[in-house]
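Peer 1: need the 3D shape of this:
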Amino acid sequence: QVQLVESGGGLVQAGGSLRLSCAASGRTVSTYAMGWVRQAPGKDREFVATISRTGSTYYADSVKGRFTISRDNAKNTVYLQMNSLKSEDTAVYYCAAGGSVSGIREGYGINYWGKGTLVTVSS
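Peer 2: Next up is the predicted model:
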C-alpha cells in the first residue's frame with residue numbers, strides 16, 4: 001500500500017512558477033513509475049508528466065518545455081516544477097503511482113492516487 005500526499009499548490013500569476021511535491025509513504029517511490037495528472041474545472045483528467053524507475057521522463061505536449069518532473073528516492077518524494085504558468089494550467093493536480101510510464105500516460109495503469117492540490121493561475 002502506498003499513500004501519496006501532494007503539496008505546493010496555490011494562486012500564482014500567469015508567467016509565474018510553482019513547485020509541487022508528492023510525498024509517499026508505505027513503499028518507496030523507487031518501486032514505481034510516478035506521475036502527475038490534472039483535472040481542470042468541467043474537464044476530464046489529463047496526463048501531465050511521468051518519470052520511470054530509472055529516471056526517464058515524458059510530458060504532455062501542452063507542458064513540454066515548461067514543466068519538469070523529478071524524483072528524490074532518498075526523500076521518497078516526486079516533484080513537478082512548473083514554470084511560465086498559463087491560465088489554462090489551472091487545475092487540481094494529482095500525484096499518481098503505477099507500474100509503468102505508459103500506464104500512467106494512458107491512464108490505465110495507475111495503482112495509487114493522491115488527493116490532489118489546487119493550482120490557480122490568474123491572468
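Peer 1: where along the chain do the strands fall?
Peer 2: Here the chain has its strands, by DSSP state E, at 3-7, 10-13, 18-25, 33-39, 45-51, 57-59, 67-72, 77-82, 91-98, 110-113, 117-122.
Peer 1: would a markdown table of those with distance to residue 104 be doable?
Peer 2: Placement of C-beta: from N, CA and C, glycine included. Formatted as a markdown table, those follow (distance: least, C-beta to C-beta, whole Å):
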| stretch | distance to residue 104 |
| --- | --- |
| strand 3-7 | 13 |
| strand 10-13 | 24 |
| strand 18-25 | 13 |
| strand 33-39 | 4 |
| strand 45-51 | 4 |
| strand 57-59 | 9 |
| strand 67-72 | 11 |
| strand 77-82 | 11 |
| strand 91-98 | 5 |
| strand 110-113 | 6 |
| strand 117-122 | 17 |
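Peer 1: dump those to a markdown table, plus mean pLDDT and mean neighbour count.
Peer 2: As requested, the strands of the chain are exported to a markdown table (pLDDT from 0 to 100; neighbours: other C-beta atoms under 10 Å):
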| stretch | mean pLDDT | mean neighbour count |
| --- | --- | --- |
| strand 3-7 | 97 | 17 |
| strand 10-13 | 98 | 13 |
| strand 18-25 | 96 | 19 |
| strand 33-39 | 97 | 24 |
| strand 45-51 | 97 | 22 |
| strand 57-59 | 97 | 17 |
| strand 67-72 | 96 | 18 |
| strand 77-82 | 98 | 23 |
| strand 91-98 | 97 | 23 |
| strand 110-113 | 94 | 16 |
| strand 117-122 | 98 | 17 |
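Peer 1: count the residues that sit near the nearest residue to residue 66 once chain neighbours are set aside.
Peer 2: Closest residue to residue 66 apart from its sequence neighbours, by C-beta to C-beta, 6 or more residues apart in numbering: residue 84 at 4.7 Å. Per other C-beta atoms under 10 Å, the neighbour tally for residue 84 reads 13.
Peer 1: this completes my enquiry, with thanks.
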